[in-house]
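**Q** Generate coordinates for the sequence data below:
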Amino acid sequence: MGFPDNYNNLIMKIDEILHVFDSEGRKNFEEHDVNEELKKFLPRNRDDISQECLAELIAFDFSEDYQNDKTGWGTYFGPMWVINSGDGTVSESPSINQIKPEIIDYWRIRAKASRNPILIARYSGLVFDFQYRICGTNPSFELVRIYIDSLIQIADMDYHKNEHNTISKLKRALGLSKQYNQTDLIEKCKLAIMSYEDRHGLENKPTLWGHSFDLLVGDKLIRLSEREEIIIIRDLELKLDHLGRADLDSPKINPWAIKAAATRLASYYKKKGRVGEVKRVILKVSTSFDRIINHASPLEASNWLEQLYKLFDEYDLRDQAEGVLVKLRELGPKVASELKPIETSIDLPREEIEAYINAMTSGSIGDILNQVVARYIPDKVQTREQILDLSKVAPLQYLFEHQITDDKGRMVALVGSLENDLEGHIVFQVSQNLSSNAFLLRMILQRSIERLGLSKVDVLKFIENCPILDKERMVIIERGLDAYFENDFISAIHLLIPQIEEALRNLVEFSGGNILKPINGIFQLIPFGQVLKDDILVKVLGEDISIYFQVLFTDQRGWNLRNDVCHGMAKPSVFNHQTADRVLHAFLCLGLVQEKGKTNNLSE
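**A** As a prediction, the model looks like this:
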């Protein structure tokens, strides 16, 4: 079908399309369907179309209930898509820059002239959302009522094409009714929400029910009668009962649906102080999970048990939570046996490695130690860029959270999606990088020891003027260094890590910071992980060293050496060259802290 020859024909065609949708009896369509029909008849060059044509086109192209604050405008409606060009510029469609006061006026007229509630809600919703941003004036309350009424009508008369979208519209209507404190509209929203869920809340689709409970129960602005509250709770109890029976009669169960009903009921009964009822409904979840766990692989069973533990813990079922922890511990070795290592190899030409080692071991012992310290402190900015580059090559692995397990197969940490947990990805990537470049650090230290005579004496000279190392503790430090140079890594690691911790506490305290916290009337040292995040430490050592030490010593997403070693969780295989080299490097980093006007003796 060709494009119209002039604007009059174009406007007539747009009117024809809108007329098809704009009738009270037209149902089962969404706003984007209107946009798709309109786009078929618009010229390829959109710059020259009239304001009326542009207003109609973009009106049905906005994304409703826009959630991404980073790329939105702080409004309910947002762009359908956003593209980052990579050079700092962003393209979006539709753009808020396309909205002019004339378009706001046009939408206001269309909101009052239209007959189909889907169109009315879209036009009036856009005016409500953008009028102040574009024109600097608030929309009339008449338009607000038109907007809310049309959203309710979409639900009451089943205009929906997608039930989930209608639920979002009802949430929007209720939120605005409460915002304007309109008791009659709040009442209409309440009845519409309960009625819609009653008609469309299928048991096997938990995303379509429970909204009456979530939106209405416990809200003081909503006049929920005792009978209405009983109906909502009874409906959840019936769903829990029916889903539980299906659990017993069929191998195919929906544990998430059971959990969705049970957790709502548990929160309700908990607020009412009905502890027995809380336990009853949560144990129904446990029964459904047990059915799955009994037929799952160890890794899958571990995941289900972790979900169950969180549930028991949240609702204060301590005995049951302890029982789950016992099962997790018993299951740990089987989970670990299921985990398969993923190995990658990198071909590095021998001559390039040799040239790098020669460059790193040239000069005096002081020069070498300074180079080693500087080169092997991770750079946060570079790590961030590395992650972003990797996310472009393999985007899927950065879209979802992943678990970090210990050697017994127990989950000890989570790293979220890249969008939600950039910090977690930086910590995890730094940890990976420490492992991947460990062989180079080993070669540099080994050559320095074997060919250049690097010894304990050189390390002591390097840190001699460090004011945060207590002179009385030098006997322990010397024993630790002796053990390192004698390849007694178990002793070296156990002796040096606590001295590094003590030195960093001294740094915070000597700089005027606080290292104590009151507990039950007495004062205890703050945890090492908290020390490493202290503003004073970050200011003195820099953010890169702060993150490095967190990854190395206290973060479960990283090496976590201090906690694993001091709490006896580290296996014998941990006490190796790789670990000892990193502990030595961290100890050498303390040599960067010098009294004003002094440097380490090896640099003089």
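
**Q** in the biggest helix by length in the chain, what counts as buried?
**A** In the chain, assigned by DSSP state H, the helix with the most residues is helix 226-249. Neighbour-count burial for helix 226-249, counted by 16 or more other Cβ atoms under 10 Å, picks out Glu228, Glu229, Ile232, Ile233, Asp235, Leu236, Lys239, Leu240, Leu243, Gly244, Ala246, Asp247. In short, each C-beta sits where N, CA and C put it, glycine included.

**Q** same check, this time on stretch 448-465
**A** Ser448, Leu454, Lys456, Asp458, Val459, Leu460, Lys461, Phe462, Ile463, Asn465.

**Q** what sits up against stretch 443-456?
**A** With contact meaning Cβ atoms under 8 Å, 6 or more residues apart in numbering, stretch 443-456 is reached by 353, 357, 360-361, 365, 368-369, 372, 478, 481-482, 484-485, 581, 584.

**Q** I'd like to know which of those residues is nearest to Glu501.
**A** Nearest to Glu501 out of the contacts of stretch 443-456 is Leu584 (Cβ to Cβ; 15.2 Å).

**Q** so that closest one makes contact with Phe485?
**A** No. Look at Leu584 against Phe485 with Cβ atoms under 8 Å: they stay out of range, at 9.5 Å.

**Q** When those two are compared, which one has more neighbours?
**A** Leu584 (21 against 14; other Cβ atoms under 10 Å).

**Q** Can you tell me which helices and strands the helix or strand containing the more buried one packs against?
**A** Under the criterion of DSSP states H and E, Leu584 resides in helix 577-589. When contacts are defined as 3 or more Cβ pairs under 8 Å, 6 or more residues apart in numbering; DSSP states H and E, helix 577-589 packs onto helix 365-375, helix 438-450, helix 456-462, helix 474-485, helix 489-510, helix 543-549, helix 561-566.

**Q** can you rerun that using 6 Å?
**A** Using 3 or more Cβ pairs under 6 Å, 6 or more residues apart in numbering; DSSP states H and E, the elements in contact with helix 577-589 are helix 438-450, helix 489-510.

**Q** Just name the most buried of the ones you listed.
**A** helix 489-510 (a mean of 19; mean count of other Cβ atoms under 10 Å).

**Q** Could you list the low-confidence segments of the chain?
**A** 1-11, 43-48, 69-72, 84-89, 246-252, 335-348, 407-410, 596-604 (pLDDT under 70).

**Q** Show me where it has its strands.
**A** 81-84, 90-93, 402-405, 411-415, 516-519, 522-525 (DSSP state E).

**Q** Can you give the strand pairings for the third one, parallel or anti for each?
**A** Neighbouring strands of strand 402-405 in its sheet, by DSSP bridges, are strand 411-415 (antiparallel).

**Q** Could you check how far the strand it pairs with is from the centre of its chain?
**A** Distance, stretch centre to chain centre, for strand 411-415: 13 Å (Cα atoms, centre = their mean, to the nearest Å).

**Q** Reformat the buried residues of stretch 448-465 as JSON lines; add distance to Lys13.
**A** Listed next are the buried residues of stretch 448-465 as JSON lines, based on distance: Cβ to Cβ, whole Å:
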{"residue": "Ser448", "distance to Lys13": "80"}
{"residue": "Leu454", "distance to Lys13": "82"}
{"residue": "Lys456", "distance to Lys13": "87"}
{"residue": "Asp458", "distance to Lys13": "84"}
{"residue": "Val459", "distance to Lys13": "82"}
{"residue": "Leu460", "distance to Lys13": "86"}
{"residue": "Lys461", "distance to Lys13": "86"}
{"residue": "Phe462", "distance to Lys13": "80"}
{"residue": "Ile463", "distance to Lys13": "81"}
{"residue": "Asn465", "distance to Lys13": "83"}
